[in-house]
Structures are given as structure tokens and as C-alpha cells.
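A.B. asks: Got a sequence here, can you model it:
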Amino acid sequence: MAIQRTRGRAARWCVATLVVALFLSGPSVPAQETESEVPARETAAKTKAKQVAEEARARLAVETREPVTFAQVLADSDNIDLNFRYAKAQVARGDVLGAAATLERILLLDPSLAHVRLFYGIVLFRLDNLDEAERTLKGIRDQPMPSSLRQEIDDYLRQIRRRRQATRWSSSLSLGYGFDTNRNASPSSKHRLFSDAALGVPDSSKKRRDTSLLVIQNIDVAHDLGVQAGHQLIGSFNYFLGEQTAADDLDLQAFAFEVGGVFKHWLAEATSTGFSDHIMLSRETYLRTRGVRTLLTRNLAKRFQTFLSTEWAREEYRGITENAVAGERTGDRVTINGGGEYALSPTMRLAGSLAYEKKNAKVDYWRYDGWGLTGSHTWLLGRGQFLINSIGFDVNLYDGPDRAISAQTRQDKELRVRVTYGAPLALFGAGKILPKLVYDNLTATFTFEQFRALSNITNYTYSNSKYLMMLTKKVEF
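C.D. replies: This is a model prediction of the structure:
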């Protein structure tokens, strides 16, 4: 009997030792836990950078060497160059109608000025007077002028033709190279809890630096329903690839489809869409999501816009080789987010939002209530350059403890700071070595992100610094 009891204790110790060994040597759960959020977060950041890059590019036409005041124009009212620079300054600060009047006054003095007529056509285009803008631009296209000026005229004529299309398509491709200082989310304490016992992290799970290749492909379509209000049907497809150099268990692929409509009313603009996502982790299906989104936006003043968004998603996790129990996280996710954006100036904006999230799952230690506070600052620097600064703070409170790790119920706080600088590749001399077809609408972005997670469970306390360089090419058709 004594021998049997000894063998029983030995067997239990062997099983316990094996479980601990697998727990410590396996891939980082915090890293895998957040992987499902990476494609959506990086795609949203790329979309934001693309929109700001378009705004910065549009401002190139209105940038002046130095500001011009109305008093200067009054003092020298027949100075065409001074009046022209003043018209640019008017557009830059949003007074497009005033700029049109200034340009008309210049053309009364000298109607043969091609660069003034070009800018007048651009102003008419911004006022959505497409017929007059087209007539103005076509009227000067065949006049003697530098090839760069004629090229600019052709660009705007193409934009006018596209604006008139009922169905408009656009596509963008981003290629990037990233570096993470703690890609596997190894805990800062260098310990992990197992049944509340602190065990040292083995070498295979210690903090790992890694590089990665990123590919983000996007296709958008919008169809004008032909009503005066401007209602549209919209759709999009996004593909995300994150290929790690060393941490193959964190290789990511994601496919996202979305379709819906934009409905415009004097009270607000409403966007409603249905979506379906498919995420693969380490080349295995990890998460399938389907759901609906709504967004309401309203301009409360010339400089201030508010929004309210809601999202319901059904998340179905699948067990994979590196995480056989991922299915425990299957459940609904509901998110409500509200905020606003304020234009400090024509080149600078501040935005902020407050979000609430309810995540359901099969087990209570994956269910949580979360609150998030975000802020951003966008700055158009001139010459097509821009800077996007953002900060986000999240708190997640879980419903119950994972007793395999700790008897404590998990409480997390996360801080994410991100800075992105972008500029057209032409600014770096791309026009000297590449044809315009290649470098036009080609934007380079450089991003630094600092992430810090704090938790009452040491397994989930870690930090990571991320550096990312991307090239984005956009085409419209």
C-alpha cells in the first residue's frame, strides 16, 4: 500500500510538472490575446493616415511663401501677384467664396494669366461648380505653359470626371517593415503566475525582439443613388498580412468585408454597415466575426463635429495548435463610442472620444466590461507633410478569476501612445528616379508606438515599443 501511495504521489507530481512545463514554454497568451485586434487597429491607422495625406496634398495648391493681409491688398490693389497670394491665403483659411471673388478681380485685369485661371478652376471645383470649373480648365489647357501646369490641369479634369461618376472605386496598397522590442508580450516581472505561484519565465518565453513585413490592401466602392440628398451605397474589402521574422506563432492574416449605406439628412449623416472578418493566426483559422456598425455624425458648428458609433459583433474563436482553448473566448461584443473633433485652425485638429465595451464569452474569466478614452492631434505641416499624434487609455474589468493562473479577478489598464509622420515620396526626390505614374499619390509614413499594459496579474503586465515604416500607393478609378 505504501508503494502504491508513493507511486500515486509520483504520478501526480509528474502530471503537475508537465502542465507547468507546458504553461511556461508555450507561446505568450497576452500576445495571442491581443493579436485579434492588430489587423483592425493597423488598418484604421492606415486609413486615417491616407485621409490626412489627401488633405495635405490638396493644400499644396493653396500654400504661399508668406501670409498676405487684406490691408496689404488695399495698399496695392493693382498688384496681381499680391492679390493672387491673398486668394491662396483665403482658400487656406476656408474662405473659398472670397477667393473666387479675388480671382475674378485679377482676371478682369489680365484674363490671359494661365496660373490664375488654373487656380480659379480649382476654386470652382472646391465650390462643387463642376461645369464652370471644367469649362475654365479646358479653356486654358492648350495655351503655351509649362508641362507641370498642364499636368495639373489634366489631374483636375480627371477628378471632375470621377466626381460625376455614379459609381466610384478606389484602391490602396501599403507595404511596411516593422520592429517590436517585445513582440511576444513577455511579462515585465520576468515571472508568470501558475495557481498563484510565481514561476520564472523560461528562455523560450523571455522578451523577444522581432521584425515583420506588413501588407495592407484596401478596395472601396461608393455608388451615388442619384437623389438630391446624396445618399450612397458603400462597400469595402481589406486584406492584412503581418509576417514575423522569428515569432512564427504570431504570423497574422486577416480578411474583412463590409457593405452598407450612407444616408444624409440636415440633422445628421448616418452610416450603417454589416461586416464579416476572418483572422488567421500562425496559418490557422483563429477568429471569425460578423456584425453590424452604425455611425452618426453632425456638425454643431463650422469647426466642431460630433459623432456616435455603435457596434455589435459575434466573435467565434477556434482552437489552434498554439492555443487549444481559444474557443473559450467565443461570444458577443458590444461597443458604444462617442466623441467630437474640433478644428483649431485650417491645418490643425483635435479629437477625443469615450467608449464602453461589453465582451461576453463562454467562461467568466474572458468576460469583461471595458472603458476607453482616446485623443488625437492632427497637423498639416505643409509641402504635403503631416503629423498624427494619438493617445489611448483603456480599463478592462473581468467577471471572474482564471484559477489556473490566480484566484484574483483580472483588472487591466492599457496606455498606447502613437506618433506618425507622413510625406509624399516626391518630397524626398522620388520624381528624379521614378515616373509620375509611380510616385504620384505615393506616401511614406514613419510611426513610433509605445504600449504599456498594467494588470493585477503579473502575467499581463508588459510593455512594447514599435517602429514602423510604410509606403502607401492609392489609385482611383
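A.B. asks: partners of the one helix or strand Val419 maps to, with directions?
C.D. replies: Secondary structure here is read from DSSP states H and E; on that basis Val419 sits in strand 411-424. Partner strands and pairing direction for strand 411-424 (DSSP bridges) are strand 385-398 (antiparallel), strand 442-455 (antiparallel).
A.B. asks: Show me the one of those strands that comes nearest Phe263.
C.D. replies: Shortest separation from Phe263 across the strands paired with strand 411-424 is recorded for strand 385-398, at 28.9 Å, computed as Cβ to Cβ. Backbone N, C-alpha and C define where each C-beta goes, glycine included.
A.B. asks: how distant is the closest one from the center of its chain?
C.D. replies: For strand 385-398, the gap between its own C-alpha mean and the chain's C-alpha mean amounts to 12 Å (Cα atoms, centre = their mean, to the nearest Å).
A.B. asks: Then stretch 258-266?
C.D. replies: The answer for stretch 258-266 is 20 Å, by Cα atoms, centre = their mean.
A.B. asks: mind listing what's buried in that stretch?
C.D. replies: Along stretch 258-266, the positions that meet the burial threshold by neighbour count (16 or more other Cβ atoms under 10 Å) are Glu258, Gly260, Gly261, Val262, Phe263, Lys264.
A.B. asks: And for the third one, nearest residue in space, chain neighbours not counted?
C.D. replies: The spatial neighbour of Gly261 that comes closest, neighbours along the chain excluded (Cβ to Cβ, 6 or more residues apart in numbering), is Leu233 at 5.2 Å.
A.B. asks: Checking my notes, the one you found in a helix, right?
C.D. replies: No. Checked against DSSP: H, G, I helix; E, B strand; the rest coil, Leu233 lies outside a helix; its state is strand.
A.B. asks: Was I right to think it contacts Val227?
C.D. replies: No. Leu233 is not in contact with Val227 according to Cβ atoms under 8 Å; the separation is 11.7 Å.
A.B. asks: now Ala87: how far from Ala407?
C.D. replies: Between Ala87 and Ala407 the distance is 71 Å, computed by Cβ to Cβ, to the nearest Å.
A.B. asks: Which one's more surrounded, these two?
C.D. replies: Neighbours of Ala87 and Ala407, each counted by other Cβ atoms under 10 Å, are more numerous for Ala87; the result is 29 against 10.
A.B. asks: Tell me which helix or strand that one sits in.
C.D. replies: Following DSSP H and E, the helix or strand that holds Ala87 is helix 80-92.
A.B. asks: same thing with Ile106?
C.D. replies: helix 96-109.
A.B. asks: Pull out the buried positions in that helix.
C.D. replies: Taking 16+ other Cβ under 10 Å as the criterion, helix 96-109 shows Val96, Gly98, Ala99, Ala100, Thr102, Leu103, Ile106, Leu107 as buried.
A.B. asks: try stretch 414-425
C.D. replies: Counting neighbours by 16+ other Cβ under 10 Å, stretch 414-425 gives Glu414, Arg416, Arg418, Thr420, Tyr421, Gly422, Ala423, Pro424, Leu425 as buried.
A.B. asks: Let's have the residues you listed in a markdown table, adding distance to Asp78 and pLDDT.
C.D. replies: Below are the buried residues of stretch 414-425 laid out as a markdown table (distance: Cβ to Cβ, whole Å; pLDDT from 0 to 100):
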| residue | distance to Asp78 | pLDDT |
| --- | --- | --- |
| Glu414 | 61 | 98 |
| Arg416 | 56 | 98 |
| Arg418 | 50 | 99 |
| Thr420 | 45 | 99 |
| Tyr421 | 42 | 99 |
| Gly422 | 41 | 98 |
| Ala423 | 38 | 98 |
| Pro424 | 36 | 96 |
| Leu425 | 41 | 94 |
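A.B. asks: Asn83: which of these is nearest?
C.D. replies: Closest approach between these and Asn83, by Cβ to Cβ: Pro424, at 28.7 Å.
A.B. asks: How much space separates the closest one from Ala56?
C.D. replies: Where Ala56 is concerned, Pro424 sits at a distance of 8 Å (Cβ to Cβ).
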